[in-house]
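**Q** A predicted structure for the sequence below; I have some questions about it.
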Amino acid sequence: MFIVRYRKIFFAITTALVIFSVGSMVVRGFNFGIDFTGGSVVEVSYENSRPEADLVRAKLDTLSLGSYSLRPTGDTSFVLRTKELTQEAKVGVLNALSLDSQVVAKEDRFNSIGPVVGSELRNKAYVAILVTILGIVIFVTFAFRKVSEPVSSWKYGITTIISLVFDVVVPAGIFIALSYYTHAEIDLLFVTALLAILGYSVHDTIVVFDRVRENLRINKEKKSGDSFEVIVGRSLTQTISRSINTSLTIIIVLLALYFLGGETTRQFSLLLILGVVAGTYSSIFLASPILVEFARSRNR
């Protein structure tokens with residue numbers, strides 16, 4: 001198949017995407033939300049209609065809150081995320097959210113997260129991602145333990161690691177680059193989306209690997225003598241339609257959630273869309289070509 005034959009082109013595309021994503025992380029940095037840094041969340045609603053966000057931000061800017069996030073939610077509400085507020089500062093914020101006597105903000109929710117708790121959540125998020133990747137690699141290595149020719153079973157696990165790193169780094173990097181315009185923050189929903197991406201991506205990759213294993217068995221039984229490159233190409237041909245159709249179905253649902261869902265799930269669905277696209281790309285254009293390279297390096 002042309003994907004295997006021209007794998008160096010896709011390796012170059014992969015490298016460019018990774019460089020761009022890592023670059024955006026370095027330049028933009030990680031804009032951690034209060035889930036990880038500590039702070040306060042204030043949710044207010046309005047009796048009649050919600051005022052324009054720009055008018056509210058203009059009043060909030062006079063309070064010296066530093067970095068904050070103001071997002072509309074529902075039809076008549078705002079959610080404000082900012083540094084930890086004292087009781088006096090909270091009163092000032094509520095007054096700023098109430099533009100005048102006719103537009104009064106009613107407090108619906110107020111939560112505070114200390115910096116210690118936020119730091120602990122951030123560390124647990126890192127651990128959750130690493131444990132998930134390690135568990136997936138162990139499972140893949142075990143599942144393909146009986147496959148030793150021409151690529152050892154542990155190399156399927158290494159290939160999975162490379163694909164999973166791509167599936168995490170690229171969506172995260174693009175999301176961070178887009179946050180310059182969307183003002184999105186890295187919160188617990190961000191971590192949840194990454195874990196969901198890992199699960200989806202490895203599922204798609206294993207489908208392709210399993211077809212490779214099946215075709216290796218058929219090739220051995222029939223003594224066809226096909227090369228590993230031909231077998232991988234045939235396996236991709238047999239699974240590519242399934243992978244693309246499944247991904248398109250998921251993306252359609254996520255697009256509906258992005259455009260029709262609430263503000264709180266918009267960034268979550270955006271990251272999932274990026275992850276599904278990256279996972280589909282890696283399972284088709286990255287994982288299988290890497291297996292071919294492993295086989296070729298063994299024969300050199």
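**A** That came through fine. Numbering: from 1, shown residues only.
**Q** elements contacting the helix or strand hosting Ser235?
**A** Assessed by DSSP states H and E, Ser235 sits inside helix 228-260. On a contact count with 3 or more CB pairs under 8 Å, 6 or more residues apart in numbering; DSSP states H and E, helix 228-260 meets helix 2-5, helix 188-222, helix 263-281, helix 287-299. C-beta here means a position set from N, CA and C on the backbone, and glycine is covered the same way.
**Q** looking at these, which is buried most?
**A** Comparing those by mean neighbour count (mean count of other CB atoms under 10 Å), helix 263-281 ranks first with a mean of 21.
**Q** helix 188-222 and that one, what's the angle between them?
**A** 20 degrees (axes from the mean of the first three to the mean of the last three CA atoms, to 10 degrees).
**Q** in a markdown table: the helices and strands packed on helix 228-260, plus mean pLDDT and distance to Val151.
**A** A markdown table is the format used below for those (pLDDT from 0 to 100; distance: least, CB to CB, whole Å):
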| stretch | mean pLDDT | distance to Val151 |
| --- | --- | --- |
| helix 2-5 | 83 | 14 |
| helix 188-222 | 86 | 9 |
| helix 263-281 | 90 | 21 |
| helix 287-299 | 84 | 5 |
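**Q** of all those, which one is nearest Ile162?
**A** helix 287-299 (6.2 Å; CB to CB).
**Q** rewinding a little: got the angle for the helix holding Ser235 vs helix 287-299?
**A** Using the same axes, to 10 degrees: helix 228-260 against helix 287-299 is 150 degrees.
**Q** if we can go back for a sec, and the helices and strands packed on helix 228-260 as a markdown table, adding distance to Ala128?
**A** Shown next, in a markdown table, are these (distance: least, CB to CB, whole Å):
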| stretch | distance to Ala128 |
| --- | --- |
| helix 2-5 | 33 |
| helix 188-222 | 7 |
| helix 263-281 | 16 |
| helix 287-299 | 23 |
